[in-house]
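Q: pasting the sequence and the predicted coordinates here, then a few questions.
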Amino acid sequence: MTPTLTAERLDLNRVSPEIYAAMIALDTAARQDLDPTLAELIKIRASQINHCANCIDMHTHAARRRGETEQRIYLLSAWREMPELYTERERAALALTEEMTVLSGGEHVSDEVYAQAAAVFAERELGQVIAMALTINAWNRIAVTTRMRPPVRS
């Protein structure tokens with residue numbers, strides 16, 4: 001039985017503006033020196049894993065505005081099946097994002113995935129990829145917990 005989702009539970013920006021402001025600052029810092037297309041792919045993929053409808057909606061729209069193709073957006077959850085659609089750097093970032101996002105059951109970021117990312121990103125870039133994955137995971141948890149929902153479009 002699927003639970004019924006109610007309206008948004010609370011507005012974090014209203015009740016804890018200092019936390020919301022800190023998240024905005026973290027998001028801004030994570031985006032520095034990171035390719036905007038890569039940042040959106042990271043945000044979409046983590047949001048898919050976390051079942052965050054609000055963030056999936058927001059970041060797929062943002063990716064489209066940046067010129068991302070429908071095919072790459074639609075196939076992002078199956079990127080390993082179509083590696084030719086994504087660059088080596090994107091694949092490394094997506095693998096790292098997935099392992100950072102799914103940490104249950106004793107899982108961890110493997111040496112193989114970390115080494116793959118470290119091989120294609122400069123140290124600063126790798127730090128930014130990690131920060132972006134960390135940030136979107138935090139946003140996802142806020143949005144899912146407070147039941148932030150995207151607008152229904154016709």
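A: That came through fine.

Q: and the residue sitting nearest the centre point of the chain, helix, strand or coil?
A: Among the residues of the chain, the one closest to the centroid is K43, at 2.1 Å (C-alpha atoms, centre = their mean). Three-state call for K43 (DSSP: H, G, I helix; E, B strand; the rest coil): helix.

Q: next: M148.
A: coil.

Q: can you dump the C-alpha atoms of stretch 66-77 in CSV for me?
A: Output of stretch 66-77 as CSV, limited to C-alpha atoms (Å, rounded to 0.1, in the frame of the first residue of the first chain):
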residue,chain,number,x,y,z
ARG,A,66,21.5,24.9,-20.0
GLY,A,67,21.0,22.9,-23.2
GLU,A,68,21.1,19.4,-21.9
THR,A,69,19.4,16.9,-24.2
GLU,A,70,16.3,15.0,-23.4
GLN,A,71,18.0,11.7,-24.1
ARG,A,72,20.8,12.3,-21.6
ILE,A,73,18.3,13.4,-19.0
TYR,A,74,16.0,10.4,-19.6
LEU,A,75,18.8,7.9,-19.6
LEU,A,76,20.7,9.3,-16.6
SER,A,77,19.4,6.6,-14.2
